[in-house]
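Peer 1: Give the three-dimensional model of this entry:
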Amino acid sequence: MPKDTLTITDNRTGKQYELPIENNAIRAADLKQIRSGDDEGLVSYDPALTNTASCTSRITFIDGDKGILRYRGYPIEQLAEKSTYLETAYLIVKGELPDEHHLKMWKHNITIHTMVHENVKKFIDGFRYDAHPMGILVSTIGALSTFYPDAKNINDIESRRLQTRRLIGKVPTLAAYAYRRLRGLPYNNPDNDLSYAGNFLQMLFRMTERVYRPNPVLELALDVLFILHADHEQNCSTNAVRAVASSQVDPYSAVAAGVAALYGPLHGGANEAVVRMLQEIGSVDNVPAAIAKFKKGEGRLMGFGHRVYRNYDPRGKIIKKLAYEVFEVTGKNPLIDIALELERIALEDEYFVKRKLYPNVDFYSGIIYQAMGFPVKMFPVLFAIPRTCGWLAQWAELVRDPEQKITRPRQIYLGAEERSWSPIHQRPVPEMREEAVEDSI
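Peer 2: Numbering: from 1, shown residues only. Okay, here's the model as predicted:
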């Protein structure tokens, strides 16, 4: 009768070991019993954690081969079509969709925390006039921990709830202020009579109007984009949040770590890279030549492929449709024609099909943001705002998980064996190893 175990034979010693399998996984710590001599036992070597589960989670499910994404069991397609961002955030944070009463209270509890201390504005004013908005966002979110010392009470459920509401409410305000700082414009206070997305647009774009009302199509589009970016399993920034939070630091510091991870071009900056790539291609006529270059390894086809998905990113399909609704208001972004031709050829080319390189969420999102008037520097900021609820849900899950400890990966040491120090005049000329040369630059 089959057993849920894995039998390993160590060919160095001839010994056999039986490791339990649970949830299609073995525990890495069980490998420590496999020893040869007086070593410390086996460890698993997994650069970039490509096949290592660092936690159990009940928040987001992804099946990359089938192109499935669900929040708490709900398909992303249904949420994008029928839900709102704040309702989806409630689902992600609390585990269930709210009823009418709880949704009303949730909205109230978020909107009463949209204001920030006046000193935060002074803090933002201290940045250079051309400071990147993500740099400002990382800093200001981290700085909020000094305004709310009660956030250190991470084991108090009421404190966790309060910090969650504060962060979801304040991050759009900080993001909008970073944008206004970049543009050299005065800050707009939040307008809590507007929706979550509508208020953000107001803080960004209101000029001299006494009353600002965002275009409903753009407001809805931004809300849908927020839903699509709300959580995405154990990606780089979520892993950063969990790793930092494992030291039991306050959530502002942990979320700031997530924003810092999102800053990178391989993560939150990917849609910016797509726009730059499309601009470099220049026209539909140049697409075949660009495809040929990518196949030769000359440059990279941005916005295609994903660490998890081996099928069409389900968020990409939704965003592609959304783009045309936005263009009805903003006018057509000429980059869309280049993107469509690039997608058409790539999906028919054996080179890309064989490697299962399909458009991901970043391929069309940047085109929409650009059409809506956002500078490319704001693209990763627009990613960070909705992802805040996902980071906070992951943070709270980690805090409650009795199996979690402070993150401390193992390493495989390949450096020098023990050696003795000698006076400087007795030392030979050092060999310039590759890492030494790099360090000397």
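
Peer 1: Spell out which residues make up each domain of this protein.
Peer 2: With domains defined by automatic domain parsing, the chain comprises 5-45, 76-403.

Peer 1: Out of those domains, the one nearest E431 is which?
Peer 2: Proximity to E431 (C-beta to C-beta) singles out domain 5-45 among the domains of the chain, at 26.3 Å. Heads up, the C-betas are built off the backbone N, CA and C, glycines and all.

Peer 1: Wait, W391 touches G258, no?
Peer 2: Yes - with contact defined as C-beta atoms under 8 Å, W391 reaches G258; the gap is 4.7 Å.

Peer 1: which ones are touching the closest residue to L86 other than its chain neighbours?
Peer 2: Nearest non-adjacent residue to L86, counting by C-beta to C-beta, 6 or more residues apart in numbering: Y196, 5.2 Å away. Shown in contact with Y196 (C-beta atoms under 8 Å, 6 or more residues apart in numbering): T84, Y85, L86, K107, I110, P172, D223, F226.

Peer 1: if I look at Y196, how far off is E298?
Peer 2: Shown here: Y196 relative to E298, a distance of 43 Å by C-beta to C-beta, to the nearest Å.

Peer 1: which residues of this structure fall in strands?
Peer 2: Counting by DSSP state E, the chain has strands at residues 5-9, 16-20, 60-63, 68-71, 74-75.

Peer 1: Excluding its own residues, what touches the first one? List them.
Peer 2: When you say that, I think you mean strand 5-9. K15, Q16, Y17, E18, L19, P20, I21, I26, I34.

Peer 1: And the first one, how far from G73?
Peer 2: Separation of K15 from G73 (C-beta to C-beta) stands at 43 Å.

Peer 1: Count the neighbours of P98 for me.
Peer 2: When neighbours are counted by other C-beta atoms under 10 Å, P98 registers 16.

Peer 1: doesn't K107 make contact with it?
Peer 2: No - using C-beta under 8 Å, P98 makes no contact with K107, being 9.5 Å away.

Peer 1: Comparing the strands of the chain, which comes out most buried?
Peer 2: Across the strands of the chain, averaging neighbours per residue (mean count of other C-beta atoms under 10 Å) puts strand 68-71 on top, at a mean of 20.

Peer 1: which helices and strands sit right next to it?
Peer 2: With contacts taken as 3 or more C-beta pairs under 8 Å, 6 or more residues apart in numbering; DSSP states H and E, strand 68-71 sits against strand 60-63, helix 76-82, helix 85-94, helix 314-330.

Peer 1: Just list what whichever helix in the chain runs longest packs against, helices and strands only.
Peer 2: The longest helix of the chain (DSSP state H) is helix 157-183. On a contact count with 3+ C-beta pairs under 8 Å, 6+ apart, helix 157-183 meets helix 100-111, helix 118-125, helix 133-147, helix 196-205, helix 251-262, helix 379-400.

Peer 1: at 6 Å instead, please
Peer 2: Judged by 3 or more C-beta pairs under 6 Å, 6 or more residues apart in numbering; DSSP states H and E, the packing partners of helix 157-183 are helix 100-111, helix 133-147, helix 196-205, helix 379-400.

Peer 1: Against V381, how distant is the residue positioned nearest the centre of the chain?
Peer 2: The chain has S237 as the residue nearest its centroid, 4.7 Å off, counting by C-alpha atoms, centre = their mean. From S237 over to V381 the distance is 13 Å, taken as C-beta to C-beta.

Peer 1: Ok, V429 next?
Peer 2: Going from V429 to V381 by C-beta to C-beta gives 49 Å.
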